[in-house]
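1. The amino acid sequence is not available; the structure is as follows:
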């Protein structure tokens, strides 16, 4: 419930997520597609550029693409089991239109993840093709060195950094994940850091509206030993936050009440 209390959500630099399997899987797919394109390509200049793209893929680690994961499923068993602590948790539902407007103002977009392998490959192939077209007449420097970082490879890697967060393993399709993604590299000055199990974790704070009742539409209370008490406490907590926020905001619109409900699932 810190999202409501602090009126912010945190977006983590993607290479520092707890589970990076999707991240590295996607990089492998990109390498495979580039290799396939290289075999088919006949133009020597384009061949070189493809090889340079492939050699510079690891430069993506230098880009701070920050993300936050959401889901269409607000009360799903696998979500509770994966992300909720044993003693219970909360699922917060946002008004998508208001959330997107707020995110866009802060340099973020909200997009649905892709689980279908053909759609994933099509998206990656389009990103590669766009970079090749954009630099069709570009004279690559240092042609004896594929690993040399050029304007074309930077362009390609930057584009790649914005689509990698959308690629997810197909077995997890039931999660129907959406991701909040930074449109550009988040500068060091804008990053915050928190302690992780093995290292510091870079993240960026996305500020929410103080009149959060227009943004948050629903709170689902997860399985807990004391469901009735948890339900009443959540209602009181939200009401208290509304009182605090109303001191600096316009009066609350009554048709924007936040719905507080208990999970229908037992887990």
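-> Sure thing, it's come through. This structure is a prediction, so every number in the text was calculated from the model and none was measured.
2. Only C-alpha atoms from now on, for both contacts and neighbour counts.
-> Fine.
3. buried sites along the longest strand seen in the chain?
-> Secondary structure of the chain read by DSSP state E shows that its longest strand is strand 200-207. For strand 200-207, the neighbour count (16 or more other Cα atoms under 10 Å) marks 201-204, 206 as buried.
4. Show me what that strand is packed against.
-> Judged by 3 or more Cα pairs under 8 Å, 6 or more residues apart in numbering; DSSP states H and E, strand 200-207 is in contact with strand 8-13, strand 192-195.
5. Also compute the angle for it relative to strand 8-13, please.
-> Per axes from the mean of the first three to the mean of the last three Cα atoms, to 10 degrees, the angle that strand 200-207 makes with strand 8-13 is 140 degrees.
6. Can you tell me the strand partners of strand 200-207 and which way each runs?
-> strand 8-13 (antiparallel), strand 192-195 (antiparallel) (DSSP bridges).
7. Need those strands in CSV (columns: distance to residue 97).
-> Converted to CSV, those look like this (distance: least, Cα to Cα, whole Å):
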stretch, distance to residue 97
strand 8-13, 17
strand 192-195, 27
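8. Residue 110 is nearest to which of the helices and strands packed on strand 200-207?
-> Residue 110 lies closest, by Cα to Cα, to one member of those: strand 8-13, at 12.1 Å.
9. mind listing what's buried in that closest one?
-> Taking 16+ other Cα under 10 Å as the neighbour-count basis, strand 8-13 is seen to contain the buried residues 8, 10-13.
10. follow-up on the earlier one: for whichever helix or strand comes after the longest strand of the chain, the distance to its chain's centre please.
-> The helix or strand immediately downstream of strand 200-207 is strand 216-221, counting by DSSP states H and E. Averaging C-alpha positions (Cα atoms, centre = their mean, to the nearest Å) puts strand 216-221 21 Å from its chain's average.
11. so what secondary structure elements neighbour strand 216-221?
-> When contacts are defined as 3+ Cα pairs under 8 Å, 6+ apart, strand 216-221 packs onto strand 90-94, helix 227-246, strand 259-262.
12. can you rerun that using 10 Å?
-> strand 90-94, helix 96-105, helix 227-246, strand 259-262 (3 or more Cα pairs under 10 Å, 6 or more residues apart in numbering; DSSP states H and E).
13. Give me whichever of those is most buried.
-> Of all the helices and strands packed on strand 216-221, strand 90-94 has the most neighbours on average by mean count of other Cα atoms under 10 Å, namely a mean of 21.
14. can you list contacts of it?
-> 1, 3-4, 70-76, 79-80, 83-84, 100, 212-223, 234, 258-263 (Cα atoms under 10 Å, 6 or more residues apart in numbering).
15. Please report the average pLDDT across that strand, rounded to a whole number.
-> For strand 90-94, mean pLDDT is 94.
16. got the angle between it and helix 96-105?
-> Calculated by the same axes, to 10 degrees, strand 90-94 forms an angle of 80 degrees with helix 96-105.
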